[in-house]
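Chemist: got a predicted structure plus its sequence, pasted below:
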Amino acid sequence: MSKRTALITGVTGQDGRHLTELLLQKDYEVIGVINGQRNDRAEAVKAEFPDLKLVNADLADQSSLVRVLSSVQPDEIYNLGAISFVGLSFKQPELTANVTGLGPLRLLEAMRTLGLEKTSRIYQASSSEMFGKVREVPQTETTPFHPRSPYGVAKAFAHQICVNYRESYDMFIACGILFNHEGERRGHEFVTRKISNSVAQIALGQRETFALGTLDPKRDWGYAGDYVRAMWLMLQQEHPDDFVIATGETHTVREFVEAALAAAGLPVDVERFVTIDPQFQRPAEVDLLIGDASKAREVLGWEPNVRFEELVQLMVESDIARLKR
């Protein structure tokens, strides 16, 4: 029996690496899409996963997607590729719309061009940022969207076009509305990794303070390794659907800093180590995100394994070990 083949866009990002690890363990043939002109992380990912095959394509270029899909003929497609840093989306809104919003549409059209809409299953990485200025607490699969950033708006378009294609063309498209998920592979531009790395540097005597934009926003933070398991489970179901993936707990940025300081054995005194710098503030902030993943628990049998304090400790200890090396 031949191996199942999975194609992953955004393979060099945090989720792409966790998902690659999971699928290789499940004996998939895993093909990662990179944008070869600009992706400086490709070599590192290839070194981490020697069995991963890399191909060049771009979510902003439909002809490249047609070429790759025609060659690979994947059983499963995981669309994780995006301009994914919310702060950057305010500085480059058009690029964000083109890649994060229109990229999934190009992918779906490429599938239809090749007649793959009935043979390939696709996972779309939707986001809790679509909820933005939340209409209800906690947020579920039926909560109305009110995005507060160009990233959130682009993700909302991508989500809705996936639902539209699922209903219009009977395609197997599952959307995972993932709440914030972090870990040792998180990019340094994201606030959680900035915190864990900065605290690790303080613990090792490499710096004394660091700056954040605000300590007030509340987020539902889980572990990325848990969340990619949910992605895979969505594509193993009999019917495609949308699922909120979250822990159901909310914590402030201040609490994340406090947990990081505690994990590093430092005094839990946020004001001693953190300064507030307005340059890191967004034009519009999302104040509270907390997800209700009861549907995923019931239908997928999914549960998060790593709790908040464990997640922060894992990140801080990983950064301390890396900096020591």
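Modeler: Perfect, thanks for sending it. Residues are numbered from 1 along each chain as shown.
Chemist: buried sites along the helix or strand of the chain with the lowest mean pLDDT?
Modeler: Lowest mean confidence among the helices and strands of the chain (mean pLDDT, DSSP states H and E): helix 86-91, at a mean of 81. Within helix 86-91, the residues that count as buried by 16 or more other Cβ atoms under 10 Å are V86, G87, L88, S89. (Glycine included, C-beta is placed from N, CA and C.)
Chemist: which outside residues touch that helix?
Modeler: Residues external to helix 86-91 that are found in contact with it (Cβ atoms under 8 Å, 6 or more residues apart in numbering): 83, 96, 100, 129, 149-152, 154, 189, 280, 282-283.
Chemist: stretch 158-173 too?
Modeler: With contact meaning Cβ under 8 Å, 6+ apart, stretch 158-173 is reached by 100-101, 103-105, 108, 111-112, 117-118, 120-124, 126, 130, 145, 175, 177, 235, 240, 242.
Chemist: so which of these are in helices?
Modeler: Judged by DSSP state H, helices contain the following of the contacts of stretch 158-173: G103, P104, L105, L108, M111, R112.
Chemist: next, the residue lying closest to the second one once chain neighbours are set aside: secondary structure please.
Modeler: Okay, so that is P104. Closest residue to P104 apart from its sequence neighbours, by Cβ to Cβ, 6 or more residues apart in numbering: A158 at 4.2 Å. Classification of A158 using DSSP: H, G, I helix; E, B strand; the rest coil returns helix.
Chemist: oh, and call the first residue 44 from now on, that's how I've got it
Modeler: Shifting the count to begin at 44 puts that one at A201.
Chemist: and for A201, the neighbour number?
Modeler: A201 has 28 neighbours, counted by other Cβ atoms under 10 Å.
Chemist: where does the residue lying closest to P310 once chain neighbours are set aside land on pLDDT?
Modeler: Nearest-residue entry for P310: L304, 6.8 Å, with adjacent residues in sequence omitted and distances by Cβ to Cβ, 6+ apart. pLDDT recorded at L304 is 98.
Chemist: for the chain, which segments count as helices?
Modeler: Under DSSP H, the chain gives helices at 57-68, 85-91, 105-115, 129-134, 136-139, 145-157, 193-212, 234-246, 267-277, 296-306, 313-316, 337-338, 351-367.
Chemist: out of those, which is closest to V98?
Modeler: Minimum separation from V98 across these (Cβ to Cβ) falls at helix 105-115, 5.2 Å.
Chemist: what's the average pLDDT for the closest one?
Modeler: If you average the pLDDT over helix 105-115, you get 98.
Chemist: quick one, it and helix 145-157 angle?
Modeler: 50 degrees (axes from the mean of the first three to the mean of the last three Cα atoms, to 10 degrees).
Chemist: number of residues surrounding D312?
Modeler: D312: 11 surrounding residues under other Cβ under 10 Å.
Chemist: quick one on the thing from earlier: I'd say the residue nearest to P310 and V313 touch.
Modeler: Yes. Using Cβ atoms under 8 Å, L304 is in contact with V313, at 7.4 Å.
Chemist: neighbour count for these two, which is higher?
Modeler: For L304 and V313, the more surrounded residue by other Cβ under 10 Å is L304, and the numbers stand at 23 against 16.
Chemist: next up, the contacts around that one.
Modeler: Per Cβ under 8 Å, 6+ apart, neighbours of L304: V242, P310, V311, D312, V313, F316.
Chemist: make TSV out of the residues you listed and add pLDDT.
Modeler: As requested, the contacts of L304 are arranged in TSV below (pLDDT from 0 to 100):
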residue	pLDDT
V242	98
P310	97
V311	98
D312	97
V313	98
F316	98
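Chemist: and L123, its phi and psi?
Modeler: Here is the backbone geometry of L123 (degrees, to the nearest 10): phi -100, psi -10.
Chemist: was I right to think it contacts G59?
Modeler: Yes. Counting by Cβ under 8 Å, L123 does reach G59; the two are 5.2 Å apart.
Chemist: run a quick neighbour tally on D70.
Modeler: By the criterion of other Cβ under 10 Å, D70 has 9 neighbours.
Chemist: surely it touches K46?
Modeler: Yes. The criterion here is Cβ under 8 Å, and D70 meets it with K46 at 6.0 Å.
Chemist: my read is that I165 contacts A217, right?
Modeler: Yes. With contact defined as Cβ under 8 Å, I165 counts as touching A217 (7.4 Å).
Chemist: the more surrounded of the two?
Modeler: Counted by other Cβ under 10 Å, I165 and A217 do not tie: I165 has more neighbours, with 26 against 23.
Chemist: the more buried one: what's it in contact with?
Modeler: So I165 contacts 119-122, 150-151, 154, 205, 214-217, 278 (Cβ under 8 Å, 6+ apart).
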